[in-house]
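> got a predicted model here, sequence first, then my questions.
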Amino acid sequence: MNLCQRLLLRLLIAISVISIAVQSLECIQCAPNSAWYSEQEEERRIEACRQGLVAPTECSNASHTHCIVNWYRTGGSSEKMVMKRHCGVESDVTGCTLYNSKISRKVRRHLLSRDDSHDRRESASSFVEVCSTSCPTGDCVNSSNLRGALLPIVFSLIYIIYSNLN
């Protein structure tokens, strides 16, 4: 390798390291009451967030490594209700917790009878699953900035073409 090729290779390595170092995580970030909007606009923004339709934005803290989504699901439902999407670290991912609540209520056996002896107690179970998950298993968008990875690829191609011409 001649001197020019070595300098070009060193430049390529330096640019690659710098571009990877400044690359920051982009996540969908939205939280309830994060800004003041009209009631209709706030409802629209909340629903867009729940559906994952809000554009990902750069995480403000460079130490954040994960996109976090907090959600819950009730009973036997498969529908997840997203409460919050934000940037975070691995320790923010707590997984899921299942809560069980028994609700006791009085049930009348005969609608026409006013006699309390016909009443009976019935208890119904209510389940709530509360989760804090991260991509790719969560319902969020974890899009690391691919633009930062593009620069080293372009320089690598230029270097390969240049070295093959000589």
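That came through fine. All values reported here derive from a predicted model rather than from experimental measurement.
> all contacts plus neighbour counts: C-alpha atoms, from now on.
Noted.
> roughly how far does residue 127 sit from residue 90?
Distance, residue 127 to residue 90, by Cα to Cα, to the nearest Å: 27 Å.
> more neighbours: which of those two?
A direct count of neighbours by other Cα atoms under 10 Å for residue 127 and residue 90 places residue 127 higher, at 16 against 13.
> I'd say residue 84 and residue 72 touch.
No - using Cα atoms under 8 Å, residue 84 makes no contact with residue 72, being 10.4 Å away.
> for the nearest residue to residue 90 once chain neighbours are set aside, name its beta-bridge partners.
Nearest residue to residue 90 in three dimensions, chain neighbours excluded: residue 66, at 6.4 Å (Cα to Cα, 6 or more residues apart in numbering). Per DSSP bridges, residues listed as beta-bridge partners of residue 66: residue 88.
> pull the number of nearby residues for residue 66.
By the criterion of other Cα under 10 Å, residue 66 has 26 neighbours.
> which residues sit in contact with it?
Residues in contact with residue 66 (Cα atoms under 8 Å, 6 or more residues apart in numbering) are 25, 87, 88, 89, 90, 134, 135, 142.
> please apply the same query to residue 68.
So residue 68 contacts 85, 86, 87, 88, 92, 93, 132, 133, 134, 135, 138, 140 (Cα under 8 Å, 6+ apart).
> how about residue 30?
Counting by Cα under 8 Å, 6+ apart, residue 30 touches 46, 49, 84, 85, 86.
> switch to 7 Å and redo it
By Cα atoms under 7 Å, 6 or more residues apart in numbering, the residues touching residue 30 are 49, 84, 85, 86.
> highest neighbour count among those residues?
Busiest of the contacts of residue 30 [other Cα under 10 Å] is residue 85, holding 26 neighbours.
> helix/strand/coil for that one?
Three-state assignment for residue 85 (DSSP: H, G, I helix; E, B strand; the rest coil): strand.
> what distance do you get for it to residue 127?
23 Å.
> surely residue 84 meets residue 70?
Yes - using Cα atoms under 7 Å, residue 84 is in contact with residue 70, at 5.2 Å.
> how about the strands in this structure?
In the chain, the segments counted as strands under DSSP state E are 26-27, 57-58, 66-74, 81-88, 95-108, 119-134.
> can you lay out the contacts of residue 66 as JSON lines showing distance to residue 97 and pLDDT?
Output for the contacts of residue 66, formatted as JSON lines (distance: Cα to Cα, whole Å; pLDDT from 0 to 100):
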{"residue": "25", "distance to residue 97": "27", "pLDDT": "80"}
{"residue": "87", "distance to residue 97": "21", "pLDDT": "89"}
{"residue": "88", "distance to residue 97": "19", "pLDDT": "89"}
{"residue": "89", "distance to residue 97": "19", "pLDDT": "88"}
{"residue": "90", "distance to residue 97": "17", "pLDDT": "86"}
{"residue": "134", "distance to residue 97": "15", "pLDDT": "84"}
{"residue": "135", "distance to residue 97": "18", "pLDDT": "70"}
{"residue": "142", "distance to residue 97": "23", "pLDDT": "42"}
